[in-house]
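Q: coords please:
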Amino acid sequence: MDGIGVNFLSELVGTALLIILGGGVVAAVSLTKSKGFGAGFLMVTIGWGFAVFAGVLVSYKSGGQLNPAVSLAQMLLGNISFGTMLIYWVAQMLGAFIGAVIVWLAYKQHFDEEPDAAAKLGVFSTGPAIRSYGWNLVTEVIGTFVLVFVILGITNGKAPAELGAVPVAFLVIAIGVSLGGPTGYAINPARDLGPRIAHAILPIKGKGSSDWSYAWVPVVGPLIGAALAAGASTFLLPVVS
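A: Numbering: from 1, shown residues only. Model prediction:
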């Protein structure tokens, strides 16, 4: 397998694992009759942090980006080409879709028993606590700016796996507990859109709408935040210049 193929598979597997563990903790907390039911938002943030740790760890060959927003920042800073970024985006989206399907399989009986369609959708994708598209977008921009800016700071402008998965995992937990309340902190277009597509396609009993009217927010917001972080890093982070 050539370098492009290795990187594609690395990003696909890493993102799939990210969603298996991240979506899995949401399912455990949210779905009826789960042993983790009601464990709360803090458990979700911790679970997502460890999900990032695992995903980055297994995708070291490609730099463990796992996020189109991170890949966009890497492209804007000249660390990867535009073509490589597009390859990463496809791998991340496909990995996120596959990961979401695996979560559904793991919790199939609980999805069948869960009466709340919103709880089912919440396993797959984010949604706002207060629906206001403009302000929801602002929240996603800010959260992703923090994510990408700090990643660039701790990795000297390179991808997360080159330093290690631990600091990025703690960063995601910090963003979740501090900025996750308004929108559920997607901060990753693939993390939201790939599983949302899976939700729309899968034969989930009583699933309801996939909320496509909101779907653009966790895609556009993180991309804007990443672009701003890449730009700001060139003069606010001396190590990236």
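
Q: so where's the longest helix in the protein?
A: helix 3-30 (DSSP state H).

Q: For it, buried residues please.
A: 7-30 (16 or more other Cβ atoms under 10 Å). For every residue, glycine as well, the C-beta is placed using N, CA and C.

Q: Show the average pLDDT along that helix.
A: The pLDDT scores in helix 3-30 average 96.

Q: low-scoring stretches of this structure, by residue?
A: Under the criterion pLDDT under 70, the flagged ranges of the chain are 1-2, 157-164, 238-241.

Q: rerun that using 90 as the cut-off
A: The chain contains residues with pLDDT under 90 at 1-4, 60, 63, 153-166, 235-241.

Q: what are the ranges of the helices in it?
A: Going by DSSP H, the chain shows helices at 3-30, 41-58, 68-76, 82-106, 108-113, 117-124, 133-154, 165-179, 189-201, 217-236.

Q: ok, the spatially closest residue to Ala226 that is not a sequence neighbour - contacts?
A: Leaving aside its chain neighbours, Ala226 sits nearest to Ala69 (3.7 Å; criterion: Cβ to Cβ, 6 or more residues apart in numbering). Applying Cβ atoms under 8 Å, 6 or more residues apart in numbering, we find Ala69 in contact with Thr144, Leu147, Val148, Ile187, Asn188, Pro189, Pro222, Leu223, Gly225, Ala226.

Q: possible to save those residues as a markdown table with neighbour count and distance to Tyr107?
A: A markdown table is the format used below for the contacts of Ala69 (neighbours: other Cβ atoms under 10 Å; distance: Cβ to Cβ, whole Å):
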| residue | neighbour count | distance to Tyr107 |
| --- | --- | --- |
| Thr144 | 32 | 28 |
| Leu147 | 28 | 27 |
| Val148 | 26 | 31 |
| Ile187 | 33 | 23 |
| Asn188 | 32 | 21 |
| Pro189 | 28 | 24 |
| Pro222 | 31 | 26 |
| Leu223 | 18 | 30 |
| Gly225 | 27 | 31 |
| Ala226 | 31 | 31 |
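
Q: Go through the residues you listed and name the one nearest Gly99.
A: Asn188 (12.0 Å; Cβ to Cβ).

Q: The closest one contacts Leu72, doesn't it?
A: No: in this structure, Asn188 is not within contact of Leu72 by Cβ atoms under 8 Å, at 11.2 Å.

Q: Give me the distance between the two termini of stretch 78-85.
A: Its first and final residues considered, stretch 78-85 spans 11 Å by Cα to Cα, to the nearest Å.

Q: just how off-centre is that stretch within its chain?
A: 20 Å (Cα atoms, centre = their mean, to the nearest Å).

Q: For it, which residues meet the burial criterion?
A: Asn79, Ile80, Thr84, Met85.

Q: thinking again about what came up before, check which helices and strands the longest helix of the chain sits against.
A: Contacts defined by 3 or more Cβ pairs under 8 Å, 6 or more residues apart in numbering; DSSP states H and E place helix 3-30 against helix 41-58, helix 82-106, helix 117-124, helix 189-201.
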